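S.K.: This is a predicted model, with the sequence first.
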Amino acid sequence: MGACHAPARVSVNLSFGSVLRYVCAAAPNKRSLGATNGLAQTVVSIQRTVGPAAAASLFTFTVKIYILGGYVTHIVLLTAVCGSLRVAV
């Protein structure tokens, strides 16, 4: 399990720097760099708060009424990721 987990951790750690570069490039000028970074950090912290709670609630709901044994959560999250990638690229 550790051998499979290590490449994922490396890619996540490397992608963090790329995201910071995108945030810096999104600032229209040097004076608004702090506000742009603050807005990005606020959005990320909200997503990190709401995301797990929403996924857990969706999983519990789909297990309770037995829709695909709770795997609907994975389908919904995968669809959200694909949609986000489509918007980003």
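M.R.: The structure has been received and is ready for your questions. The shown structure was predicted, so the numbers you read here are calculated from the model rather than taken from an experiment. Numbers count the residues shown, from 1 in each chain.
S.K.: which residues of this structure score low on pLDDT?
M.R.: Scanning the chain for pLDDT under 70 picks out 1-3.
S.K.: could you pull out the helices for it?
M.R.: 2-26, 33-64, 72-88 (DSSP state H).
S.K.: Same list (these) but as CSV, adding mean neighbour count.
M.R.: In this view, the C-beta of every residue, glycine as well, is placed from N, C-alpha and C. Output for the helices of the chain, formatted as CSV (neighbours: other Cβ atoms under 10 Å):
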stretch, mean neighbour count
helix 2-26, 10
helix 33-64, 12
helix 72-88, 12
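S.K.: ok, Pro37 touching Ala25?
M.R.: Careful, residue 37 is Asn; it's not Pro. No. The criterion here is Cβ atoms under 8 Å, and Asn37 misses it with Ala25 at 11.6 Å.
S.K.: most distant residue from the middle of the protein?
M.R.: In the chain, the greatest distance from the average C-alpha position (Cα atoms, centre = their mean) is reached by Arg31, at 27.6 Å.
S.K.: Against Gln41, how distant is that one?
M.R.: 18 Å (Cβ to Cβ, to the nearest Å).
S.K.: And Leu58, by the same measure?
M.R.: Using Cβ to Cβ, Leu58 is found at 26 Å from Gln41.
S.K.: same question, Gly34
M.R.: Counting by Cβ to Cβ, the separation of Gly34 from Gln41 is 11 Å.
S.K.: Common neighbours of those two, please.
M.R.: With Cβ atoms under 8 Å, 6 or more residues apart in numbering applied, the contact sets of Gly34 and Gln41 do not overlap.
S.K.: center of this structure - which residue?
M.R.: Gln47 (7.1 Å).
S.K.: what's the spacing between it and Val10?
M.R.: From Gln47 to Val10 the distance is 23 Å (Cβ to Cβ).
S.K.: and what of Val89?
M.R.: 22 Å.
S.K.: Could you do Ala56 as well?
M.R.: 28 Å.
S.K.: Please apply the same query to Ser84.
M.R.: Counting by Cβ to Cβ, the gap from Ser84 to Val10 is 22 Å.
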